[in-house]
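Chemist: Need a 3D model of the sequence below.
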Amino acid sequence: MGFIRKRRRCTSMDMEQSELVIPRQLLCCKLCDEEFTKPCYLPCLHTFCQKCIDEHRVNSTDDDGYFPCPTCMTEVGLEEEHGGQGNLPENILARRLSVPTIDPIKRETLCFYCKNAGNFVEGKTHCVNCDEFLCTSCTNSHTAQEEFADHQLQSEEDYNASLEKSSSTTTQGQVLTVCCEAYDPLDIGAMFCVECDISVCADCHVNKHAEHRCAELMTIAQHFETKIKEPLKELDNDSEEISEFLVNLDSTEQTILEQKDSLKQNVRDRTKQLCSLIKDYQKLLLDDIERRFDDQLEEIKTRRLDLEMHLEAIRGVKDFTNNLITYGSYEEKVHLRKKVGYRIRELCEESLGTDPIQIHSVRLMEPNVTVDTICDMFGTISTEEQSVGTIAGDTKENPPTSQHFQRYHSFGDSGHGSDSMENAENVETEPELVEIFGKTHGDLQRQDSKQSGSDSDMLSSSNSSDKIKNVKFREQVEQSEFQNENVFNLENPKREVVLPAPIQKECIKGIGINEKGDIIVGTTTTIHVLEKRGIVRGQIPLENGWNIHSVASDGKVSMTVPRGDNRFKVRVLRNDGTGHILSDFNVESFGLNFVTADKSGTLIITSNRYAQIHKSHGKAAKSGGNIAFYGSDGYLLRRITNEDFHANLLEKPQMVVVDEKRSRTYVADPGSHKVIALNSEGGLAFEYGNIEGQEEIYQGPDLISIDKYGNVIVTDKREGRIDILGHKGNLKKSFYTDDIPRFVGATPDKLLVTAMPDGNMKFYEYLS
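Modeler: Below is the predicted model of the structure:
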């Protein structure tokens, strides 16, 4: 709905005026729902009152100094954005539109003296000191008097010009920096210097900016309007695609909820035909269904939140830019053109997150029930991954493959319809069944009276019941079962990027990819920052004496200077390509295998030995893999060794990657041939790798990284194997390649990246 106030749009170039109705949302703060008071905008281009956003910032800022935008939830860190001042830039467009424009009042130009005498004679001259108009005759008399001799006179044309200039300056405000006091936006020679970002008068243009790129203000503003239309159109398409996908998500969520309710109802219907001895088994299945579906719904909830945030960010940029184009003056458009263009480019390059979600279609398997296999009357719950676009389509029935329920809640591979002795042949491989078949009938009856909640007790009691002999199920849940073919050859890259020749000629120490998709390459002399297409964005030369020790998969570069006696000067740079320091202090360590830091600046070092204090001979090195954490003051916070795990998990820990979102630290140890995951307290979250007595998985692993969804990417160079693990340690996929990669990681747009020694980087789809 339109705002009541009407505005008169004025430009300093041609003073063209047209009536425009300002939309209410353009002039109202979304926090207080009132008209703006001192409007200011965030980096995401959403605008709020200064007081409102200050209150929001005080209540919402986290420990790292970031607070979310109230509209699109984009994280804002004022200390970094504005040089530590913490002040938000003023929205000059909203400020100007919020203040009513006052047109200069057209004064009558009758001669002051003649009018007082009763004569109405048109004035030709204006006395600046008296602020009155005078005719030609009265002008001569006025200046002839001694007390008025020093008064300044001006023509009517000069008076009107100064009045318009004063009105324009008062209403418009100083938007752009000007060269000097002589600058007049109405001067035909006034220009704007693109290189200096300043408005210049004709004299300054000739004397100081003759060699610079200069143009008229209107030309630059019109060029901005033309260039910004194409990316705005792209944002329109992105907005439409996200909106359609959100509709599909709602439909998918409803389908999943219906499947969930249907499965639970089937379990309840089957339970009604069983005696009270197996009701605990019903609860077991219901709980498992809840767990399986809740994981999927949580993923959809997370995806919806990400999409809504992205959509809101797009809407904010579109609204801001369209309002700037429609209502902004040339000065405002030129002033904001860089920030708007950068924000739109940032959104255009960001992944939309509309790729299909892999979900699981869950079914309750229908066994051929006999009295001796009473637990199989419920069947097993199995899952199948389907994309959002196909969840509601036809499904095909497949044989059961659910490992969890076959192991714990069924009779494995025993033939349906066989007797107890036939089932007993499989007892050796099913430890739960040893307890069942080893109990007497009296034991089972006693368990029934105790109402035990354990799985084996419940199954044993159910097998002995006479109430449910010859019971057959007629219902069946018509859904597909998941069959996981999770081994692939890494081939058919989606795109390839070749590192520039000057970088290839240097000795590359490491490669990483930050959260924006920029490629960070560390060499012996320089840190190179490349955008995702391989174009060099910047270079950070190393200081004298510093050497690159490690480059983390997320792009953090670690440098060291040996100090002697197992002491090192260690410095870790941020992964944003600015060269800003994240951690910088001296540490004592018996060797450095890998060095990195988390977002807070906590230093993480892996090594094969560590210091131990002995009463007899003081400090000495003790062999054993360890992971050390150092605080921002340089003091040791925690050292994790095998003694903390009561197992030999750490032998030669190497590469480390930190999942800030899930408070996880992952370590690749080629000595123990494992991947170790640590929680925020330093405890073991999971381990994955070689197990004694079983087939070997890794000869390494050598590289480790994570993607934006928390998946862990583990690479074994010698095996040519790349594993995708879930954040709980479950293997999702395995890829094999004939090449020996130097780096393996993931981009924000969900592509697996491999960097080869020849400088060729390949990008693959890996989550489809």
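
Chemist: drop to CA atoms for contacts and neighbour counts, all remaining ones
Modeler: Will do.

Chemist: How about residues contacting stretch 648-665?
Modeler: Contacts of stretch 648-665 with the rest of the structure, by C-alpha atoms under 8 Å, 6 or more residues apart in numbering, involve 552-554, 593-596, 598-599, 604, 606-608, 624-627, 641-642, 666-672, 674, 676-680, 702-706, 710.

Chemist: Now do the top helix by length along the chain: distance to the chain's middle.
Modeler: Looking across the chain with DSSP state H, the single longest helix is helix 217-272. Here the centre of helix 217-272 is set off from its chain's centre by 17 Å, with C-alpha atoms, centre = their mean, to the nearest Å.

Chemist: Repeat that for stretch 129-143.
Modeler: That offset, for stretch 129-143, works out to 71 Å (C-alpha atoms, centre = their mean).

Chemist: and the end-to-end length of that stretch?
Modeler: One end of stretch 129-143 sits 12 Å from the other (C-alpha to C-alpha, to the nearest Å).

Chemist: ok, back up a step: okay, and which of the contacts of stretch 648-665 map to strands?
Modeler: Counting by DSSP state E, the members of the contacts of stretch 648-665 that fall within strands are 594-596, 604, 606-608, 624-627, 666-669, 674, 676-678, 703-706.

Chemist: any weak-confidence spans in the chain?
Modeler: In the predicted model of the chain, residues 1-21, 24-25, 78-86, 98-106, 164-174, 275-282, 360, 367-485, 613-620 satisfy pLDDT under 70.

Chemist: run the last query once more with 50
Modeler: Confidence mapping of the chain against pLDDT under 50 gives the ranges 1-18, 83-85, 102, 169-172, 390-484.

Chemist: Setting aside sequence neighbours, what's the nearest residue to residue 722?
Modeler: residue 715 (4.5 Å; C-alpha to C-alpha, 6 or more residues apart in numbering).

Chemist: same check, this time on residue 515
Modeler: Spatially, and ignoring its direct neighbours in sequence, residue 515 is nearest to residue 748 (6.1 Å; C-alpha to C-alpha, 6+ apart).

Chemist: How many residues are close by that neighbour?
Modeler: Residue 748 has 20 neighbours, counted by other C-alpha atoms under 10 Å.

Chemist: can you tell me the helix or strand for it?
Modeler: Assessed by DSSP states H and E, residue 748 sits outside every helix and strand.

Chemist: sorry, back to before: quick one: the residue nearest to residue 722 and residue 704 touch, right?
Modeler: Yes: if you go by C-alpha atoms under 8 Å, residue 715 and residue 704 touch, sitting 6.3 Å apart.

Chemist: So which of the two has more stuff around it?
Modeler: With neighbours defined as other C-alpha under 10 Å, residue 715 and residue 704 compare such that residue 715 has more, 29 against 26.

Chemist: Quick one: classify that one as helix, strand or coil.
Modeler: State at residue 715, reduced to three classes by DSSP: H, G, I helix; E, B strand; the rest coil: strand.

Chemist: circling back: please list only the buried members of the contacts of stretch 648-665.
Modeler: 552-554, 593-596, 598, 604, 606-608, 624-627, 641, 666-672, 674, 676-678, 702-706, 710 (16 or more other C-alpha atoms under 10 Å).

Chemist: Return stretch 716-728 as PDB; C-alpha atoms alone will do.
Modeler: The C-alpha trace of stretch 716-728 is given here as PDB (Å, rounded to 0.1, in the frame of the first residue of the first chain):
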ATOM      1  CA  ASP A 716      43.800 -41.600   0.900                       C
ATOM      2  CA  LYS A 717      46.300 -40.700  -1.800                       C
ATOM      3  CA  ARG A 718      47.900 -44.200  -2.100                       C
ATOM      4  CA  GLU A 719      44.600 -45.900  -2.400                       C
ATOM      5  CA  GLY A 720      43.200 -43.300  -4.700                       C
ATOM      6  CA  ARG A 721      40.200 -43.200  -2.400                       C
ATOM      7  CA  ILE A 722      37.900 -40.300  -1.300                       C
ATOM      8  CA  ASP A 723      35.300 -41.200   1.400                       C
ATOM      9  CA  ILE A 724      32.300 -39.000   2.300                       C
ATOM     10  CA  LEU A 725      31.400 -39.500   5.900                       C
ATOM     11  CA  GLY A 726      28.500 -38.100   7.800                       C
ATOM     12  CA  HIS A 727      29.100 -36.000  10.900                       C
ATOM     13  CA  LYS A 728      28.200 -39.000  13.000                       C
END
